[in-house]
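J.: Quick one, fold the following:
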Amino acid sequence: MFYLINKVVGAVVNPLGLALIALVLGAAWGAWRRSWRVPGWIALASVVWLWTWGTNAWTRVVGLPLERGWELVKAEDAPVCDAIVLLGGGMSAAPAAYPYADMHSAADRVWHAARLYRAGKAPVVVPTGFGDRESTVPLLRDLGVPQNAIVGEYAARNTEENARFVQRLLNAEGAAAGGSRAPGAGAQPNRADAPRTGERCASQDGGAKRRVLLVTSAWHMKRALLMYRRYAPNLEIVPAPADFDCTVATARFELRHLLPTTDDLARNGYMFKELLGYWGYRLLRR
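T.: Down below sits the predicted model:
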């Protein structure tokens, strides 16, 4: 039920959706009361609202705080871990229409996961997300990650399920390996410099936590960590943020950044959704 509510709210409760709802309600009010004073104010407020959310300047207000505190760790400087967990969302695919995966701005996640693998930081990459088999995996292969080093989870529909399902998958892989090897270690990459398993720390039940590099967009990392710490307590998470979209977009300020654009409205819409999702889980999913 929460998943359905989350998707419905996410589709409607965004800057553009709220402005359209306000305009429709204002028009209905005006038709009912035969007065257009209130609808006029609503229309003006909607224009100001959309203008604000459509500017690069507003990205500095809603986007930069989400990315602040996360620093890009170069692949060669990252610690050695048991697996690289790659959150989906940066790719899509429609093989019948186009044979190659379509990359969104968040596809930087896939590139960074491949960099970490090629730097020898884990023996496997775990792409997680519904549809990632068709979208993310082909790009990972193109970037040099062999098929036998990809242990995917392709059922998760949101970040909460990413955490739950990845923990289950890695626990099952570890158990199948006898608990002494990294997940997927039975299918090591055919490389002379294949990485060794990273150190593990004790879990609350006396077992061994599997140490994973968590790769997602910098603006999504705060919520991703909340989900993984709550729903995947048997994993030791090492943040490996990529896709510093807001930081790059606001690297320099120009007067034109006070004018709205469709690109900025789309970016800020993601930030709106991210803030809504984070605080929704903090307040409603205790």
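
J.: Please make it C-alpha for all contacts and neighbour counts, starting now.
T.: Will do.

J.: Chain neighbours aside, what residue packs nearest to residue 40?
T.: Counting by Cα to Cα, 6 or more residues apart in numbering, residue 26 is the residue found nearest to residue 40 once chain neighbours are left out, at 7.9 Å.

J.: my bad, residue 43
T.: Spatial nearest neighbour of residue 43, excluding adjacent residues (Cα to Cα, 6+ apart): residue 23 at 6.0 Å.

J.: So that neighbour belongs to a helix, correct?
T.: Yes: counting by DSSP: H, G, I helix; E, B strand; the rest coil, residue 23 is part of a helix.

J.: Report how many residues lie close to it.
T.: 20 (other Cα atoms under 10 Å).

J.: Quick one: residues in contact with stretch 28-42.
T.: Outside of stretch 28-42, the residues that reach it under the criterion Cα atoms under 8 Å, 6 or more residues apart in numbering are 22-23, 26-27.

J.: And the residue nearest to residue 43, how far from residue 49?
T.: Per Cα to Cα, to the nearest Å, residue 23 is found 12 Å from residue 49.

J.: quick one, what contacts residue 91?
T.: With contacts defined as Cα under 8 Å, 6+ apart, the neighbours of residue 91 are 101-104, 106-107, 132, 135-136.

J.: And residue 83, by the same measure?
T.: Residue 83 makes contact with 122-126, 182-183, 211-213 under the criterion Cα under 8 Å, 6+ apart.

J.: Give the residue farthest from the middle of this protein.
T.: Using Cα atoms, centre = their mean, the residue of the chain lying farthest from its centre is residue 34. It sits 46.5 Å away.

J.: what does the model give that residue for pLDDT?
T.: Residue 34 carries a pLDDT value of 89.

J.: Could you do the one 5 residues further on as well?
T.: With respect to pLDDT, residue 39 has a value of 93.

J.: Which helix or strand contains it?
T.: Secondary-structure element containing residue 39, defined by DSSP states H and E: helix 37-53.

J.: Next secondary structure after that helix?
T.: Moving toward the C-terminus from helix 37-53, the next helix or strand (DSSP H and E) is helix 56-62.

J.: Tell me which residues of that following helix come out buried.
T.: 56-60, 62 (16 or more other Cα atoms under 10 Å).

J.: How far does the helix holding residue 39 sit from its chain's centre?
T.: For helix 37-53, the separation from the chain centroid amounts to 31 Å (computed by Cα atoms, centre = their mean, to the nearest Å).

J.: Keeping just the C-alphas, turn it into CSV.
T.: In CSV, the C-alpha atoms belonging to helix 37-53 read as follows (Å, rounded to 0.1, in the frame of the first residue of the first chain):
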residue,chain,number,x,y,z
ARG,A,37,-10.5,37.5,-7.9
VAL,A,38,-9.3,34.4,-5.9
PRO,A,39,-8.6,32.4,-9.1
GLY,A,40,-6.5,35.3,-10.3
TRP,A,41,-4.4,35.3,-7.2
ILE,A,42,-4.0,31.5,-7.5
ALA,A,43,-2.9,31.9,-11.1
LEU,A,44,-0.3,34.5,-10.2
ALA,A,45,1.0,32.3,-7.3
SER,A,46,1.2,29.4,-9.7
VAL,A,47,3.3,31.4,-12.2
VAL,A,48,5.6,32.6,-9.4
TRP,A,49,5.8,29.0,-8.1
LEU,A,50,6.8,27.5,-11.4
TRP,A,51,9.2,30.4,-12.2
THR,A,52,11.0,29.8,-8.9
TRP,A,53,11.2,26.0,-9.3
